[in-house]
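In: got a predicted structure plus its sequence, pasted below:
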Amino acid sequence: MSRGGEFGTISRGALPARLGRVAQLLARLPGVGEKTAQRYALFLTTTPDEGTARELGKELAALRDHVRPCERCNNIAEVGEDGRTRCGICLDSRRDGALLCIVARVQDLLAIERSGAMRGRYFVLGRLLSPLEGIGAEDLPLGALRARLQDADEPVREVLVATPPSVDGEATALLLARELGAMGIQVTRIASGVPHGGDLEFADQVTLGRAIEGRKSFG
């Protein structure tokens, strides 16, 4: 007799319940489907290298205790011996402290870092305005952002809003422009246009319109 459910029609008793539980937990991770989660769980169980599963379990157990949001920018950082949490970017004295890039998620920060084009500092919002999800301005860390901008030790000259070019991202960008513009700080927005190597015929109207509006001198 087969049993349906979260992991398809695997026969009852074909897998130990504990392994099935691990697979279910792995399936909660973004981008990990049922089959992939089951494959990961089976690998950790059957690999001759027992140290892999034990080391992974040890690191996962300690992760939430030793890695937390940076107290200055909300990036991910390791808790120091003094109990404070500062990320490597905030501790890097070579960064331009006058330029602050605001992103929605840590993943966005990492994507910008890979480009090598941003040498300032960051502030991670953690979420975007989203009326459909019930997220309003009061749910954004605007107070912490204002405190960061008013830090006399590292005055900010320009805020670069790098929220995604989506409905929620644009709404958040407009809110930030209104809130921060009142503080007398220059607020800029990342440009959006045709991706490198892309064909114009496949670009949407909004992307093409912004590419034309954001044109620069050439030649």
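Out: Happy to help now that I have it.
In: quick one: low-confidence parts of the chain?
Out: In the predicted model, the chain carries pLDDT under 70 at residues 1-13, 217-219.
In: name the single longest helix found in this protein.
Out: Using DSSP state H to define each element, the chain has its longest helix at helix 50-66.
In: domain assignment for this structure?
Out: As recorded under automatic domain parsing, the domains making up the chain are 17-46, 95-193.
In: nearest to Arg68, out of those?
Out: domain 95-193 (11.9 Å; Cβ to Cβ). To be clear about C-beta, it is placed using only N, CA and C from the backbone, and glycine gets the same treatment.
In: how far out from the middle of the chain is that closest one?
Out: Centroid separation for domain 95-193 versus its chain: 13 Å, with Cα atoms, centre = their mean, to the nearest Å.
In: got the end-to-end distance for that domain?
Out: 27 Å (Cα to Cα, to the nearest Å).
In: hmm, back to that, could I get the domains of the chain as CSV with mean neighbour count and distance to Asp204?
Out: Formatted as CSV, these follow (neighbours: other Cβ atoms under 10 Å; distance: least, Cβ to Cβ, whole Å):
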stretch, mean neighbour count, distance to Asp204
domain 17-46, 14, 25
domain 95-193, 16, 11
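In: nearest to Arg210, of these?
Out: domain 95-193 (4.9 Å).
In: quick one: list the elements packing against the longest helix of the chain.
Out: Applying 3 or more Cβ pairs under 8 Å, 6 or more residues apart in numbering; DSSP states H and E, one finds that helix 50-66 contacts helix 34-46.
In: ok, so what distance separates Gly57 from Met118?
Out: To Met118, Gly57 is 36 Å away according to Cβ to Cβ, to the nearest Å.
In: what does Ala14 give?
Out: 50 Å.
In: please apply the same query to Leu142.
Out: From Leu142 to Met118 the distance is 22 Å (Cβ to Cβ).
In: one more: Glu81?
Out: Taken as Cβ to Cβ, the span from Glu81 to Met118 is 29 Å.
In: and the nearest residue to Glu170 once chain neighbours are set aside, which of the three is it?
Out: In this structure, Glu170 finds its nearest non-sequential neighbour in Thr163, 7.5 Å apart by Cβ to Cβ, 6 or more residues apart in numbering. The local conformation at Thr163, judged by DSSP: H, G, I helix; E, B strand; the rest coil, is coil.
In: can you pull the contacts of Arg68?
Out: Contact analysis of Arg68 by Cβ atoms under 8 Å, 6 or more residues apart in numbering lists 76-77, 79, 85.
In: repeat that for Pro155.
Out: By Cβ under 8 Å, 6+ apart, the contact set of Pro155 is 97-98.
In: what does the one 3 residues further on give?
Out: Shown in contact with Glu158 (Cβ under 8 Å, 6+ apart): 98-100, 185-188.
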